[in-house]
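Undergrad: Everything below, folded, please.
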Amino acid sequence: MRKYKVAEMEVKPLVDKGGEVRVMMSPKTVDATQLIMGTATVPVGTTVKKHVHDYGEECFYVLQGKGVLYLEGVESIEFSAGEALIVPKGVPHSIENTGDELIKVVFATAPLAPTAQAGHRNMGGNGHA
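TA: Have a look, this model is predicted:
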């Protein structure tokens, strides 16, 4: 039977990228075929490791907090709650929490990569893009 709904707390968090990521909509959770979607949190003073999505673009909507999105070779963009951002396909990026509260976002990436490992490639180090 196909699943259409997932609760955030049903999904085991990924903690190896900096912050906490819960991929809620994916081929493993709801048989998604075109995208992934989930939530992420970034504690105060923490940076999400530089990474790249080679197969698709990523967008996120900021529910809480403020920070800086670093896009390698492009620019640094300050953001806060109530704003949405997009990361172009193939652009290495990282996020830094520059505020005084937890950052919480909803993110989506599309199109879907052929494997989970291919969809998110770490660039090494903890620094800015």
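Undergrad: C-alpha only now, for contacts and for neighbours.
TA: Fine.
Undergrad: what are the bridge partners for the residue most central in space within the chain, then?
TA: The centre of the chain sits closest to F107, judged by Cα atoms, centre = their mean, with a distance of 5.4 Å. Judged by DSSP bridges, the bridge partners of F107 are G38, F60.
Undergrad: element containing the nearest residue to T47 once chain neighbours are set aside?
TA: Distances taken as Cα to Cα, 6 or more residues apart in numbering put E96 closest to T47, at 4.2 Å, once the chain neighbours are dropped. Using DSSP states H and E, E96 sits in strand 93-97.
Undergrad: Which stretches in the chain count as strands?
TA: 20-25, 36-42, 47-52, 57-64, 66-71, 75-80, 84-87, 93-97, 103-110, 121-122 (DSSP state E).
Undergrad: just the angle between the strand holding E96 and strand 103-110, please?
TA: Orientation check (axes from the mean of the first three to the mean of the last three Cα atoms, to 10 degrees): strand 93-97 against strand 103-110 gives 160 degrees.
Undergrad: Packing partners of strand 93-97?
TA: strand 47-52, strand 66-71 (3 or more Cα pairs under 8 Å, 6 or more residues apart in numbering; DSSP states H and E).
Undergrad: And these, which one averages the lowest pLDDT?
TA: For those, the weakest mean pLDDT is recorded on strand 47-52, namely a mean of 92.
Undergrad: other SSEs contacting it?
TA: Helices and strands touching strand 47-52, by 3+ Cα pairs under 8 Å, 6+ apart, are strand 93-97, strand 121-122.
Undergrad: Any chance of JSON lines for the helices and strands packed on strand 93-97, columns mean neighbour count and distance to S80?
TA: What follows is the helices and strands packed on strand 93-97, written out as JSON lines (neighbours: other Cα atoms under 10 Å; distance: least, Cα to Cα, whole Å):
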{"stretch": "strand 47-52", "mean neighbour count": "23", "distance to S80": "15"}
{"stretch": "strand 66-71", "mean neighbour count": "22", "distance to S80": "4"}
